[in-house]
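K.L.:
fold the following, please.
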Amino acid sequence: MIEIDNVSKLFGAGDSAFRALDRVSVNIRENEFFTLLGPSGCGKTTLLRMIAGFEGPTSGQILLDGQDLSDKPPYRRPVNTVFQSYALFPHMSVAENVGFGLNMLGRSKSEVAATVTEMLKLVRMTDLADRKTSEISGGQQQRVALARALAPRPKVLLLDEPLSALDFKLRKEMQLELKRLQSDTGITFVFVTHDQEEALTMSDRIAVMSAGRIRQIGGPREIYDQPADRFVADFIGDTNFLPAEMIARTGDSAQLRLAQGVEVTARAGQIDKTSGTVTLAIRPEHARLVAPDAGQLTGVLDEIVYFGTDTHYHILLDGFGTRFVLRLQNTPDEMRMMQQGDRVGVALAASAGQVLKD
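P.N.:
Numbering: from 1, shown residues only. Below is the predicted model of the structure:
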């Protein structure tokens, strides 16, 4: 659906020019929920604005359905945008907001009425059709903004952090609602967020961005379980990083020696090394808290943080000079009776870790 080919974007000129995007290339498929994920200033919103037509590339090309968009202004692109602020008309009713774009396009009254009815049913807002948008909640306003953007039936819907203003519980509900809407309409959604959980929850594929470049593209499970480098592993979820020595490698399997002299097996990932010093990444949920003589690693329990559904155990590892975070679900377990200052062991799941490129 969308082909982004070697696109760069510079703001300013000369030595002081800021490179917001640096030779970005990605293909976004038809009927896909595709997310641009990264920290503030990584270039994700700039890329979204370029697809919409609000910014032009300094170099490179953006194609939609095989057509070059370079000379097309925003209103001539089969694309609609849902902004972070929603930008609704407070003096209009919900139905009038949804039908506004269709009226501007010169659609007949009967077509506008039928489409508005369909869109309000789709976003479950039929009962509030005559209510002013200034008289409804933030979550309801977000649904109206979605219905208005979907009404002209664009080929692509761009969403610029539309959930950021909602409270935690409502944001969770709208994540599922957005995915349902995308599936029901068959429209390609391009979603921008800095929230890793949002990206993992909703996306078919994710592009993780940093400093104007794409670091990795893949499905949620691939991005989480097989990060391409240290940045992706650190940005997506919580990760423990341990220095290690690679002593052998067979295909995608690496044999490592850790600081305590313990040998473990890990996935080699995308690293080219067959020996030498490497970084081992281990997710907190891929380790267990055990007695000191029952784990590969040992240390002192430094801090216990209760999160309701689970508990995080912070362990100062012997020989590493670093802290290891271990996450366990809160079920009855005598190991949970441990206290700060106790000596403990850490048992690593087989091949749970991955060797990373720094």
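K.L.:
I figured residue 111 hits residue 99, correct?
P.N.:
No: checked against Cβ atoms under 8 Å, the pair residue 111 and residue 99 is beyond contact range at 9.7 Å. (C-beta placed from N, C-alpha, C; glycine too.)
K.L.:
who has more neighbours, these two?
P.N.:
residue 99 (25 against 12; other Cβ atoms under 10 Å).
K.L.:
residues contacting the helix or strand containing the more buried one, please?
P.N.:
Here residue 99 sits within helix 94-104, counting by DSSP states H and E. Contacts to helix 94-104, defined as Cβ atoms under 8 Å, 6 or more residues apart in numbering, come from residues 80, 88-89, 92, 111-113, 115-116, 119-120, 125, 128-133, 136, 144, 147-149, 151-152.
K.L.:
next step: those restricted to helices.
P.N.:
Those of these mapping onto helices are 111, 112, 113, 115, 116, 119, 120, 144, 147, 148, 149, per DSSP state H.
K.L.:
what about the second one, neighbour count?
P.N.:
For residue 112, the number of neighbouring residues by other Cβ under 10 Å comes to 20.
K.L.:
could you list the low-pLDDT ranges of the stretch 251-358 of the chain?
P.N.:
Filtered on pLDDT under 70, the stretch 251-358 of the chain yields the residue ranges 332-337, 358.
K.L.:
before we move on, the earlier item: identify the farthest-apart pair in the ones in helices among the contacts of helix 94-104.
P.N.:
Within the ones in helices among the contacts of helix 94-104, 111 and 144 form the most distant pair, 19.4 Å apart (Cβ to Cβ).
K.L.:
still on that earlier bit, mind giving me the PyMOL select for the contacts of helix 94-104, buried ones only?
P.N.:
Buried residues within the contacts of helix 94-104, by 16 or more other Cβ atoms under 10 Å, are selected in PyMOL with:
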select buried, resi 80+88+92+112+115+116+119+120+125+128+132+133+136+144+147+148+149+151
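K.L.:
distance between the ends of stretch 62-74?
P.N.:
This stretch, stretch 62-74, spans 13 Å end to end (Cα to Cα, to the nearest Å).
K.L.:
go on, stretch 16-35?
P.N.:
Taking Cα to Cα, stretch 16-35 runs 30 Å from one end to the other.
K.L.:
can you point out the buried residues in that stretch?
P.N.:
The neighbour-count check on stretch 16-35 (16+ other Cβ under 10 Å) flags 19, 20, 21, 24, 26, 28, 32, 33, 34, 35 as buried.
K.L.:
thinking again about what came up before, for the helix holding residue 99, buried residues please.
P.N.:
94, 95, 96, 97, 98, 99, 100, 101, 102.
K.L.:
and which of those residues is nearest residue 330?
P.N.:
So of the buried residues of helix 94-104, ranked by how close each gets to residue 330 (Cβ to Cβ), first place is residue 94, at 42.3 Å.
K.L.:
quick check: that closest one vs residue 124, distance?
P.N.:
12 Å (Cβ to Cβ, to the nearest Å).
K.L.:
what of residue 252?
P.N.:
For residue 252, the distance to residue 124 (Cβ to Cβ) stands at 46 Å.
K.L.:
residue 194 too?
P.N.:
In terms of Cβ to Cβ, residue 194 sits 28 Å off from residue 124.
K.L.:
more neighbours: which of these two?
P.N.:
In this view residue 194 and residue 124 are compared by other Cβ under 10 Å, and residue 194 has more residues nearby, 19 against 13.
K.L.:
tell me the SS of the closest residue to that one other than its chain neighbours?
P.N.:
Closest residue to residue 194 apart from its sequence neighbours, by Cβ to Cβ, 6 or more residues apart in numbering: residue 39 at 5.9 Å. For residue 39, the assignment made with DSSP: H, G, I helix; E, B strand; the rest coil gives coil.
K.L.:
and residue 39, its phi and psi?
P.N.:
Backbone torsions of residue 39, given as degrees, to the nearest 10, read phi -70, psi 170.
K.L.:
what's the burial count for it?
P.N.:
Neighbour count for residue 39, taken as other Cβ under 10 Å: 13.
K.L.:
surely it and residue 211 touch.
P.N.:
No: with contacts counted by Cβ under 8 Å, residue 39 stays clear of residue 211, the gap being 9.3 Å.
K.L.:
show me whatever sits in contact with both of those two.
P.N.:
Residues touching both residue 39 and residue 211 by Cβ under 8 Å, 6+ apart: none at all.
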